[in-house]
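J.: Next comes the sequence, and after it the predicted model I'd like to discuss.
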Amino acid sequence: MLFHDIFAHHPKERIAIIDQDRSVTYGEFQDLVERWAAYFEALGVKKGDRVGLVSKNCLEFVVTYFAVIKAGGVIVPINFQLVPREIAYIVKDTAMKLLVVKEKLPLEEPLQELSASPLKQLTFDELLHAPDREFVPVSLTEHDPSTIIYTSGTTGKPKGAMLSHGNLYANARDFMESIPLTADDTALCVLPMYHCFAWTVCVAGPLLRGGRIIIQAVYQFKAAMRLVKQYGVTMFTGVPAVYRLLHESRDLDSVDSVRYFISGGAPLGLDLARSFALKFGRPVLEGYGLSEASPVVSVNLPHKVKAGSIGPTIAHVEAKIINAHGEEIPHFERGELLVKGPNVMLGYLNLPEATAKAIEKDGWLHTGDVGYMDEDGFIFLVDRVKDMIISSGENVYPREIEEVVSAYPGVEECSVIGIPDALRGQSICLYVVSREGETIDKKALRQYLIGRIAPYKVPREYFLVESLPKTALGKVRKNVLRDETVDILSKNKFAGRAL
């Protein structure tokens, strides 16, 4: 099935999307998509042309996405928080034909600096007032590219993961087998739609099943809770920070209607997972994915949850754990997670070597994550391969330390990184954000860690900060922390040291 056809068979009178004071039925939504697709054709968008999209969550975002791919184009959703220089990089990398925006962006200068061609920008207002034209169907297959998702860039320059119509359709279909939504369900989309996690879980999945989507332009906790209560939301999707706020909230009645709490984007944490389930009587179904896998790989099941796990793989997706020699290893042994299935990307745009490195000839995708699998097929992640620290010859996984630190009184969140150390190879550094009104003593924290983790895992450098640099989905940008730490310690040898 072509991705833009996933909602074509639903009753036309059923409500599809609610965006503030606006709502559209499935019939109205289909008509809008076809009308805008015809206008994109009139503007010269042809099969394979890349069309950018910069916007906060809104009805127009969803219509544009489907209209572009229906016209044969390849949609390139872009993080609206990026500065013009960063957007210009994506424009040039994709040889973008057109950029759809709410308001036109100042891109002329950064595009000139990159020696990129001028770019036509089209606003939502122009699309809303576009004249009616006849849509001419385009010959497409499930193997044709439909979208390019740029990685968050936690390390190096962002890469464009090319996803096909088949990738996106299969991922939405297979995720819905694990989380069995029906036409009677209502999903709230508070996460940014430019990210494929929100797109697949909050938009594509519910539309495939004929459900109803409630849109929040930008996440705001209290407003989100009001929407849950107002519309009887049955599937709520968030990142760990959202669930932490919900766990601390006293208004338990606001989420009575929710059947499924879905979490992704970053590790939920054992303590939060267990205490949330006790408080609300329903577990958070933690899942896992990456842009290169469209993105969902696995998720805990409503009838079977293992705290600390990212669940078993969704239907039609395989997983295995390999050692440093590329050999598959037994249950409970740690190694790199590889996945295979109809969700695996076509490849990275303009990067054949990176594609060959990421995807084996037999279709297995390297995730870059370290973990293990139990006898039931549930996957437990330990850390990123790139984040693993080698200190005094010992392998140290930051997430192990972070789990222990997170349980210390007054800790809101934390992050562990490794920096070059002439004596040990790498030195372990800990960044901690305290809860509001709490004070953390670095010496006391270090003493707390001694005896709870092996001596070689105890951090040597401690930094108390107000916040951690993150991607839009809440992943800590450890590359930024590493650069800042090296800079600080090079200026002051003893800066931040606990003892």
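T.: Sure thing, it's come through. Numbering: from 1, shown residues only.
J.: so where is the protein shaky, pLDDT-wise?
T.: Across the chain, the stretches falling below the confidence threshold (pLDDT under 70) are 152-156, 492-499.
J.: max-length helix in it?
T.: In the chain, with assignment by DSSP state H, the single longest helix is helix 26-42.
J.: Kindly export that one (C-alpha atoms) in CSV.
T.: This file holds the C-alpha atoms of helix 26-42, laid out as CSV (Å, rounded to 0.1, in the frame of the first residue of the first chain):
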residue,chain,number,x,y,z
TYR,A,26,-12.0,11.7,6.8
GLY,A,27,-13.8,12.8,3.7
GLU,A,28,-12.8,16.5,4.1
PHE,A,29,-9.2,15.4,4.9
GLN,A,30,-9.0,13.3,1.7
ASP,A,31,-10.4,16.2,-0.4
LEU,A,32,-7.8,18.6,1.1
VAL,A,33,-4.9,16.2,0.5
GLU,A,34,-6.0,15.7,-3.2
ARG,A,35,-6.5,19.4,-3.8
TRP,A,36,-3.1,20.4,-2.4
ALA,A,37,-1.5,17.5,-4.3
ALA,A,38,-2.9,18.9,-7.5
TYR,A,39,-1.5,22.4,-6.6
PHE,A,40,1.9,20.9,-5.9
GLU,A,41,1.7,19.3,-9.4
ALA,A,42,0.8,22.7,-10.9
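J.: next structured bit after that helix?
T.: Later in the chain than helix 26-42, the nearest helix or strand by DSSP states H and E is strand 50-54.
J.: quick check: angle from that following strand to helix 26-42?
T.: Relative orientation of strand 50-54 versus helix 26-42 (axes from the mean of the first three to the mean of the last three CA atoms, to 10 degrees): 130 degrees.
J.: which helices and strands does the longest helix of the chain pack with?
T.: In this structure, helix 26-42 makes packing contacts with strand 15-19, helix 59-70, judged by 3 or more CB pairs under 8 Å, 6 or more residues apart in numbering; DSSP states H and E. For glycine as for every other residue, the C-beta is placed from the backbone atoms N, C-alpha and C.
J.: at 10 Å what do you get?
T.: With contacts defined as 3 or more CB pairs under 10 Å, 6 or more residues apart in numbering; DSSP states H and E, the secondary structure elements packing on helix 26-42 are strand 15-19, strand 22-25, helix 59-70, strand 98-101, helix 124-128.
J.: If you compare the directions of that helix and strand 15-19, what angle comes out?
T.: Using the same axes, to 10 degrees, the direction of helix 26-42 lies 70 degrees away from that of strand 15-19.
J.: residues of helix 26-42 that come out buried?
T.: When neighbours are counted by 16 or more other CB atoms under 10 Å, the buried residues of helix 26-42 are found to be 26, 29-30, 32-41.
J.: got it, and stretch 81-98?
T.: For stretch 81-98, the neighbour count (16+ other CB under 10 Å) marks 82, 86-94, 96-98 as buried.
J.: Among those, which one lies nearest to Met225?
T.: Ranking those by separation from Met225, with CB to CB as the measure, puts Leu82 on top at 28.8 Å.
J.: and Leu338, what does it touch?
T.: 318-322, 326, 328, 359-360, 363-369 (CB atoms under 10 Å, 6 or more residues apart in numbering).
J.: beta partners of it?
T.: Lys320, His366 (DSSP bridges).
J.: mind checking how far it is from Phe380?
T.: 15 Å (CB to CB, to the nearest Å).
J.: ends of stretch 321-341, how far apart?
T.: 15 Å (CA to CA, to the nearest Å).
J.: Show me which residues of that stretch are buried.
T.: Applying a neighbour-count criterion of 16+ other CB under 10 Å, the buried positions in stretch 321-341 are 321-322, 329, 334-341.
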